[in-house]
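Trainee: give me the fold of what follows.
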Amino acid sequence: MVNPGPDDALHVQGFAEVLEILCFWRRADTSSCDLLLAVFLLKLTEVPKNGVIMPPWLHDITQSTSAAPKLYAWTPENLPNCSADGESQSATPKDLQKRIFILGIGNLGRFYANSLAKLGQEVPVTLVLHRKSLLEHWVSEPGIELTRYDVTERISSFNVEWWTEQAPAHGPVREVCDGAKIANLLVATKAPDALPQVDRLRRYLDGNSTVGFVQNGMNKLWPPYGAIYSEHRFPPRQHPNWLVCVTTHGVYSLGAFKSVHAAPADIAMGLVLPNPDTAGAADYLTEQILKAPELEARKVPRNALWVLQLEKLIINSLINPLTAVIRCMNGHLFDQPAPGLKKLMDMLVDEASQILQALAQHSSSQDILTGVDSAPDADLSKEALVERFSAAQLNAMLQRVGEKVKENRSSMCQDVMAGKQTEVREFNGWLVQMAEFLGLEAPNHKKLCELVEAGVVGEQNLLEAYFGKK
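Mentor: Below you'll find the predicted structure:
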């Protein structure tokens, strides 16, 4: 979400008066006012300094005073039944400056790892797994397997680690980075886990660290929240350089450490919130991503990155939840869809268009569109963005993308079929929250969130939820 405008300041200034009225009403009619008063007080706790209304995730962080945990880096040597040979994974300071840690080895993590590994030993890569069983799986079957154009390649030249608060009882006991700082971190977890995982690692991050996010959805560190988070969790001017990679490649899973690169595309990347004292520290990670084969990455200014991430969000908010409910390949949505499905897609696009057009014209967006690290561009003016975010333009964009990814199965469809948590709240839920912020409504996207989370299955059930039975 974004900076509040002048009207929001009036809401903050009026809290005291509203609270006084509610308390008076409560004395007169306790039963009918208790709930409203409780809701009001809950909202009041979301208002931090400078009148910025915080989302729940940021409010929870700003209320926390706990220290970041000490984490241990388990390797295959720490598994009881593993007789791993080879050199210790303890890293030298020089190695740590070059080493890229990839946190989360799902489809995108495997894709980035596969490409970065092709840069050779000069760019060492460590895969950070999220559970012990994956470390055990790696020992029994080491390597990332990626299939592209019906050709499968397997690369195993990685260090692998599992980071946990539990010290190993077997083998060498090492802290993450031997207690030093992480210079280069790519976060490839699911969107809901990305910032919580980074927050857990904050004792190993500083102003010389670069943290790159490759998730779908809108990054949580766009203004104003990135500055609030960084100020709360790091000493002054010691927060990492926050990098975002908007990834449009289509990749789907064949199992643990196995993926198919089904829809080659590209990556747009840039800094969401640079550290003004150490912005140059981001150059190394950025350059490696630019050089890595198959990634097709490019650097873009901050304002262009924001727009591209918004457009990617629209793609994800249509293709992912609809295919998750219908349980279909992406192409089903674009290859002569049934009239009811086409009508629903148009409704969702129209609703999203209204939200993005209002956001582009909102005063809070000016810091992103015209601020530091944004390039002057007539195509990114308010007027140009209103046209770019029109329903007609968004529909045309969806059709272009749909043609490219029609043979792919969306990540959300894969998740629901595997019984995993989805990212629907990061896509459609973000649109619902943004609509509320802008004084709009998003009932169609809200309903789609509810259908995905309720486990509704089938195109007929989807359409009946919107249009009733015929």
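Trainee: so who does residue 194 touch?
Mentor: 187, 213, 215, 220 (Cβ atoms under 8 Å, 6 or more residues apart in numbering). C-beta coordinates here come from the backbone N, C-alpha and C atoms, glycine included.
Trainee: report the two of these separated the most.
Mentor: Among these, the pair separated by the greatest distance (Cβ to Cβ) is 187 and 220, at 11.4 Å.
Trainee: adding distance to residue 139, neighbour count and pLDDT, write the contacts of residue 194 out as TSV.
Mentor: Shown next, in TSV, are the contacts of residue 194 (distance: Cβ to Cβ, whole Å; neighbours: other Cβ atoms under 10 Å; pLDDT from 0 to 100):
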residue	distance to residue 139	neighbour count	pLDDT
187	24	25	99
213	29	25	99
215	28	24	94
220	35	22	94
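Trainee: closest one of those residues to residue 280?
Mentor: residue 213 (19.7 Å).
Trainee: burial measure for the closest residue to residue 163 other than its chain neighbours, as a count.
Mentor: For residue 163, ignoring the flanking residues on the chain, the nearest one in space by Cβ to Cβ, 6 or more residues apart in numbering is residue 71 at 4.7 Å. Residue 71: 20 surrounding residues under other Cβ atoms under 10 Å.
Trainee: tell me if I'm right that residue 71 and residue 176 touch.
Mentor: Yes: with contact defined as Cβ atoms under 8 Å, residue 71 counts as touching residue 176 (4.7 Å).
Trainee: overlap in contacts of those two?
Mentor: With Cβ under 8 Å, 6+ apart, residue 71 and residue 176 have common neighbours 163, 201, 204.
Trainee: most neighbours among the residues you listed, which one is it?
Mentor: Compared across the shared contacts of residue 71 and residue 176, residue 201 has the highest neighbour count, 23 neighbours, by other Cβ under 10 Å.
Trainee: next, the contact list for that residue, please.
Mentor: 68, 71, 103, 163, 176, 182, 185.
Trainee: part of a strand, is residue 261?
Mentor: Yes: assigned with DSSP: H, G, I helix; E, B strand; the rest coil, residue 261 falls within a strand.
Trainee: let me see the domain layout of this structure.
Mentor: The record, using automatic domain parsing to delimit domains, assigns the chain the ranges 6-53, 72-299, 305-467.
Trainee: now residue 294. Its backbone dihedrals?
Mentor: Dihedral angles of residue 294 (phi, psi; degrees, to the nearest 10) stand at phi 80, psi -20.
Trainee: what is the neighbour count of the closest residue in space to residue 389 that isn't next to it in sequence?
Mentor: Among residues not flanking residue 389 along the chain, residue 356 sits closest, at 3.9 Å (Cβ to Cβ, 6+ apart). For residue 356, the neighbour count with other Cβ under 10 Å is 23.
Trainee: I'd like to know which elements the one helix or strand residue 356 maps to is packed against.
Mentor: Assigned by DSSP states H and E, residue 356 falls within helix 339-361. Helices and strands touching helix 339-361, by 3 or more Cβ pairs under 8 Å, 6 or more residues apart in numbering; DSSP states H and E, are helix 302-326, helix 382-388, helix 391-404, helix 424-437, helix 443-454, helix 459-467.
Trainee: kindly reformat the ones you listed as CSV containing distance to residue 338 and mean pLDDT.
Mentor: Shown next, in CSV, are the helices and strands packed on helix 339-361 (distance: least, Cβ to Cβ, whole Å; pLDDT from 0 to 100):
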stretch, distance to residue 338, mean pLDDT
helix 302-326, 10, 97
helix 382-388, 29, 94
helix 391-404, 15, 95
helix 424-437, 21, 94
helix 443-454, 17, 98
helix 459-467, 7, 97
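Trainee: can I get those helices in a markdown table including mean neighbour count and distance to residue 156?
Mentor: What follows is these, written out as a markdown table (neighbours: other Cβ atoms under 10 Å; distance: least, Cβ to Cβ, whole Å):
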| stretch | mean neighbour count | distance to residue 156 |
| --- | --- | --- |
| helix 302-326 | 23 | 31 |
| helix 382-388 | 15 | 44 |
| helix 391-404 | 16 | 30 |
| helix 424-437 | 22 | 32 |
| helix 443-454 | 19 | 36 |
| helix 459-467 | 16 | 42 |
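Trainee: give the contact list for the closest residue to residue 97 other than its chain neighbours.
Mentor: Excluding its sequence neighbours, the residue lying closest to residue 97 (Cβ to Cβ, 6+ apart) is residue 183, at 5.2 Å. Residues in contact with residue 183 (Cβ under 8 Å, 6+ apart) are 96, 97, 98, 99, 208, 209, 210, 281, 284.
Trainee: please check those and keep the buried ones.
Mentor: Buried members of the contacts of residue 183, scored by 16 or more other Cβ atoms under 10 Å, are 96, 98, 99, 208, 209, 210, 281, 284.
Trainee: what angle do the helix holding residue 356 and helix 424-437 make?
Mentor: 60 degrees (axes from the mean of the first three to the mean of the last three Cα atoms, to 10 degrees).
Trainee: report the buried residues of helix 339-361.
Mentor: For helix 339-361, burial by neighbour count (16+ other Cβ under 10 Å) applies to 340-341, 344-345, 347-349, 351-360.
Trainee: wait, which of the contacts of residue 183 is closest to residue 364?
Mentor: Closest to residue 364, out of all of those and judged by Cβ to Cβ, is residue 210, at 26.6 Å.
Trainee: just grab the bridge partners of the closest one for me.
Mentor: Note on residue 210: beta-bridge partners by DSSP bridges are residue 184, residue 241.
Trainee: show me where this structure has its strands.
Mentor: Listed in chain order, the strands of the chain (DSSP state E) span 72-74, 100-103, 125-129, 144-148, 151-155, 159-164, 184-187, 210-213, 241-247, 250-255, 258-263, 267-273, 297-299.
Trainee: which secondary structure elements does the last one sit against?
Mentor: So the one you mean is strand 297-299. strand 267-273, helix 283-291.
Trainee: I'd like the mean pLDDT over the longest one, please.
Mentor: What that stands for is helix 283-291. Mean pLDDT, helix 283-291: 98.
Trainee: let me have the domains of the chain in CSV, adding distance to residue 59 as columns.
Mentor: Output for the domains of the chain, formatted as CSV (distance: least, Cβ to Cβ, whole Å):
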stretch, distance to residue 59
domain 6-53, 5
domain 72-299, 10
domain 305-467, 14
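Trainee: comparing these by mean pLDDT, which bottoms out?
Mentor: domain 6-53 (a mean of 46).
Trainee: closest one of the shared contacts of residue 71 and residue 176 to residue 238?
Mentor: Using Cβ to Cβ, the shared contacts of residue 71 and residue 176 come closest to residue 238 at residue 204, 12.7 Å.
Trainee: residues in contact with the closest one?
Mentor: Residue 204 makes contact with 71, 176, 177, 180, 181, 182, according to Cβ under 8 Å, 6+ apart.
Trainee: switch to 6 Å and redo it
Mentor: The contact partners of residue 204, by Cβ atoms under 6 Å, 6 or more residues apart in numbering, come to 176, 177, 181, 182.
Trainee: could the helices and strands packed on helix 339-361 be laid out in a markdown table, adding distance to residue 196?
Mentor: A markdown table is the format used below for those (distance: least, Cβ to Cβ, whole Å):
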| stretch | distance to residue 196 |
| --- | --- |
| helix 302-326 | 20 |
| helix 382-388 | 31 |
| helix 391-404 | 29 |
| helix 424-437 | 13 |
| helix 443-454 | 19 |
| helix 459-467 | 31 |
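Trainee: cheers, nothing more for now.
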